[in-house]
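[1] below is the structure, and that's it, no one-letter string:
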């Protein structure tokens, strides 16, 4: 049982590593967020179909979950586009800070969704995570645009929490790949109208970045995260994915030269402790 738990924990962290690339890519791709999200979703569709066909899985979601999947797709689309706006209005660290209020939001919402008891430790772990992410931010002397980025990032976090909670039940019956296929179809349809009036220029580097975003961040990362909901509560999976900012800031340092400061070490230590603490209890 412990070995099984460890493997699920490793896969969850692998999903978080892939998802964390969205911070750097969302800030680097100089396109309107609606355009980026449309192409991210559209490119992911054939990739998911090929993988599902190769693994002999159905392309159609279970009928009883379709209404929730549509709603989850809408929440996911809003989450992606608002997160990209938060990144473009500030930087990767502040975008991550706002987004990672979602484990705390999830901790309060999950008992309401599934009529379960509220776990006091989740509030402790969530608060510790937020404190850790706070230390990751280079400066809290926010400019006006940074304040707007925080606000829209927190709204993005709420949408992400809602999407995960909606799919908890569906994840017990279907694979993460199946769930992601239905969502990216919904998202593509929702953002298709923006393509007619948004002004943008595509370059070869952008196409490569969007392909990476579709394949590794979306198809692999988010599918693995949904897979983890078979074995963890939504709150536990969200809290343990809080190591995402560390991955994101490290990637931002390597590719965007956003140099981490001394607070990264304190924040990183707090986040790692929180993740290991939650992992200990989730066994």
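    Good, I have the coordinates. Model, not experiment: these values are computed from the prediction.
[2] can we go C-alpha only for contacts and neighbour counts from here?
    Noted.
[3] now do the contacts for residue 239.
    103, 104, 122, 125, 126, 129, 274, 275, 278 (Cα atoms under 8 Å, 6 or more residues apart in numbering).
[4] let me see the contact set for the first one.
    Yep, that's residue 103 we're talking about. If a contact means Cα under 8 Å, 6+ apart, then residue 103 has 126, 161, 235, 238, 239, 242 as its contacts.
[5] ok, the residues you listed vs residue 62, which is closest?
    Within these, proximity to residue 62 (Cα to Cα) peaks at residue 161, which comes in at 22.0 Å.
[6] helices of the stretch 101-250 of the chain, start to end?
    In the stretch 101-250 of the chain, the helices defined using DSSP state H, counting those that start in this stretch lie at 102-114, 120-136, 144-167, 176-191, 204-212, 223-228, 234-240, 244-256.
[7] related to what we said a few turns ago, for the contacts of residue 239, which one is nearest residue 222?
    Distances from residue 222 to the contacts of residue 239, taken by Cα to Cα, are shortest for residue 103, at 15.9 Å.
[8] what's the pLDDT at the closest one?
    With respect to pLDDT, residue 103 has a value of 81.
[9] cool, and residue 280?
    Listed pLDDT for residue 280 reads 71.
[10] kindly provide the distance from the closest residue to residue 29 other than its chain neighbours to residue 278.
    With Cα to Cα, 6 or more residues apart in numbering as the criterion, residue 29 has its nearest non-adjacent residue at 6.2 Å, and that residue is residue 206. From residue 206 across to residue 278, the span is 38 Å (Cα to Cα, to the nearest Å).
[11] of the two, who's got more company?
    Per other Cα atoms under 10 Å, whichever of residue 206 and residue 278 has more neighbours is residue 278, with 21 against 17.
[12] check which helix or strand covers that one.
    helix 263-282 (DSSP states H and E).
[13] packing partners of that helix?
    helix 120-136, helix 234-240 (3 or more Cα pairs under 8 Å, 6 or more residues apart in numbering; DSSP states H and E).
[14] which one of those lies nearest to residue 267?
    Closest approach to residue 267 among those (Cα to Cα): helix 120-136, 3.7 Å.
[15] now the closest one against helix 263-282, angle please.
    Angle of helix 120-136 versus helix 263-282, following axes from the mean of the first three to the mean of the last three Cα atoms, to 10 degrees, is 160 degrees.
[16] now stretch 7-16: buried residues?
    By neighbour count on 16 or more other Cα atoms under 10 Å, the buried set for stretch 7-16 is 8, 9, 11, 12, 13, 14, 15, 16.
[17] so who does the last one touch?
    If you count contacts by Cα under 8 Å, 6+ apart, residue 16 has them with 221, 225, 241, 243, 244.
[18] residue 53: which of the residues you listed is nearest?
    For the contacts of residue 16, the nearest to residue 53 is residue 221 (19.0 Å; Cα to Cα).
[19] still on that earlier bit, weakest of the helices and strands packed on helix 263-282 by average pLDDT?
    What stands lowest among the helices and strands packed on helix 263-282, in mean pLDDT terms, is helix 120-136, with a mean of 76.
[20] which elements pack onto whichever strand or helix holds residue 70?
    Applying DSSP H and E as the criterion places residue 70 in helix 66-89. With contacts taken as 3+ Cα pairs under 8 Å, 6+ apart, helix 66-89 sits against helix 21-28, helix 33-54, helix 92-99, helix 144-167, helix 176-191.
[21] now the angle from the second one to helix 204-212?
    What it means is helix 33-54. 50 degrees.
[22] what of the last one?
    Note on geometry: by the same axes, to 10 degrees, helix 176-191 and helix 204-212 are set 130 degrees apart in direction.
[23] who does helix 176-191 touch, helix- and strand-wise?
    Counting by 3+ Cα pairs under 8 Å, 6+ apart, helix 176-191 packs on helix 33-54, helix 66-89, helix 223-228.
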